[in-house]
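Enquirer: Generate coordinates for the sequence data below:
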Amino acid sequence: MVCNTYKRTVGLMQSVTLYHWEPNANSGKPMLALMEKGVAFNSHYLDLLKFDQHQPDYLAINPQGTIPAMLHGKRVLTESTAIMEYVDEEFPGPRLMPEDPRDRWRVRWWMKFMDQWLGPSFSMIGWKVFVGPAVSSRDPGELRAAIERIPLPERRIAWRKAIYGQFGEQELKESQRRVALGIGMLEQELAKRPWLASNQYSLADINGFNLAYALPLAQPALSNDDLTPNILRWLRAIYARSTTKACWALGRTNLVKRVTILEQPHIGGGR
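Expert: Alright, predicted model coming up:
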């Protein structure tokens, strides 16, 4: 595992190390939050496709073997959304939570919706399409051993399903149903204001972008400039931020190329 340092502004504070995979989904959320706050951090890349997150040196930091995890001095923080809120409250820099209580409620509502309802459906589809095929060609014995090292039984089940193509037809249909419904909800909400939860850029936008950035690529018939202009406007606005570009520059797999679809001035329906 190689450790690099992202440098922007440095205050007199304890060192920060973020253990992460690609700059999307759960890993991308605290990565982008740190960059938006201007916090210098040690970027410690864990190759999820090589099961780095289940090796003893990382399990000594996070025994559950999930990523991301953040060290702030002697503090160990896990769970990506909780880390984002910690980063916003602990460090100086632009506030990523609005002052208005109703807006703050809306930020938390959308983050919970993404994390617990829509995100798992995105994840199931992504694991079937990308993660499973990416590791399934490895030596069968190595794969079995790697799966057995996973600490959490529910994660072992998810990895088996992804690697061996065991997601059920009904599971995938339900994920597709949720994605379609979620796209409609996002489009409706983003018609009300420039950002997802308030009139200012917030943690809800960071959370949502890291899950939804590839919608026009992965779901072209459901999300495009003709059907969902507000989602595309929102995704492009976040992608255009210098912090987002810096965050995605830390990626190492083909996933980082998926976000570049947002550079296209017009994205059609794909049918």
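Enquirer: remind me which residues of the stretch 151-271 of the chain are low pLDDT?
Expert: 270-271 (pLDDT under 70).
Enquirer: Would you map the helices across it?
Expert: For the stretch 151-271 of the chain, the helices defined by DSSP state H, counting those that start in this stretch cover 153-163, 169-190, 203-212, 215-218, 229-239, 242-248, 255-258.
Enquirer: mind checking which of those helices is nearest residue 81?
Expert: Smallest distance to residue 81 across the helices of the stretch 151-271 of the chain (CB to CB): 6.4 Å, for helix 203-212. For every residue, glycine as well, the C-beta is placed using N, CA and C.
Enquirer: hang on, the earlier thing: out of the helices of the stretch 151-271 of the chain, flag the one nearest residue 29.
Expert: Of these, nearest to residue 29 by CB to CB is helix 203-212, at 5.2 Å.
Enquirer: tilt between the closest one and helix 169-190?
Expert: Put simply, helix 203-212 runs at 140 degrees to helix 169-190, going by axes from the mean of the first three to the mean of the last three CA atoms, to 10 degrees.
Enquirer: now the helices of the stretch 151-271 of the chain in CSV, with mean neighbour count?
Expert: Listed next are the helices of the stretch 151-271 of the chain as CSV, based on neighbours: other CB atoms under 10 Å:
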stretch, mean neighbour count
helix 153-163, 16
helix 169-190, 15
helix 203-212, 26
helix 215-218, 21
helix 229-239, 19
helix 242-248, 18
helix 255-258, 16
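Enquirer: Any idea which of these gets closest to residue 109?
Expert: For the helices of the stretch 151-271 of the chain, proximity to residue 109 was assessed by CB to CB; helix 203-212 is nearest, at 8.4 Å.
Enquirer: which residues are contacting the closest one?
Expert: 23-26, 28-29, 32-33, 36, 81, 84-85, 88, 96-97, 106-107, 110-111, 114-115, 118-119, 122, 186, 195-198, 231, 234-235, 238-239, 244 (CB atoms under 8 Å, 6 or more residues apart in numbering).
Enquirer: Next, the angle from it to helix 229-239.
Expert: Angular relation of helix 203-212 and helix 229-239 on a 0 to 180 degree scale: 100 degrees, by the same axes, to 10 degrees.
Enquirer: For the closest residue to residue 175 other than its chain neighbours, give me its contacts.
Expert: Closest residue to residue 175 apart from its sequence neighbours, by CB to CB, 6 or more residues apart in numbering: residue 121 at 3.8 Å. Residue 121 makes contact with 174-176, 178-179, 182 under the criterion CB under 8 Å, 6+ apart.
Enquirer: Tell me the one among the residues you listed nearest to residue 149.
Expert: residue 175 (26.9 Å).
Enquirer: returning to that earlier point: can you list the contacts of residue 121 in CSV and add distance to residue 75?
Expert: Shown next, in CSV, are these (distance: CB to CB, whole Å):
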residue, distance to residue 75
174, 38
175, 35
176, 39
178, 35
179, 35
182, 33
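Enquirer: now, which of the residues you listed sits nearest residue 65?
Expert: Once CB to CB is applied, the member of those that ends up nearest residue 65 is residue 175, at 23.7 Å.
Enquirer: And that closest one, how far from residue 262?
Expert: To residue 262, residue 175 is 23 Å away according to CB to CB, to the nearest Å.
Enquirer: Show me which of the contacts of residue 121 is closest to residue 18.
Expert: residue 182 (27.3 Å).
Enquirer: Look up the closest residue to the closest one, ignoring the ones flanking it.
Expert: Of all residues not flanking residue 182 in the chain, residue 118 sits nearest, at 4.1 Å (CB to CB, 6+ apart).
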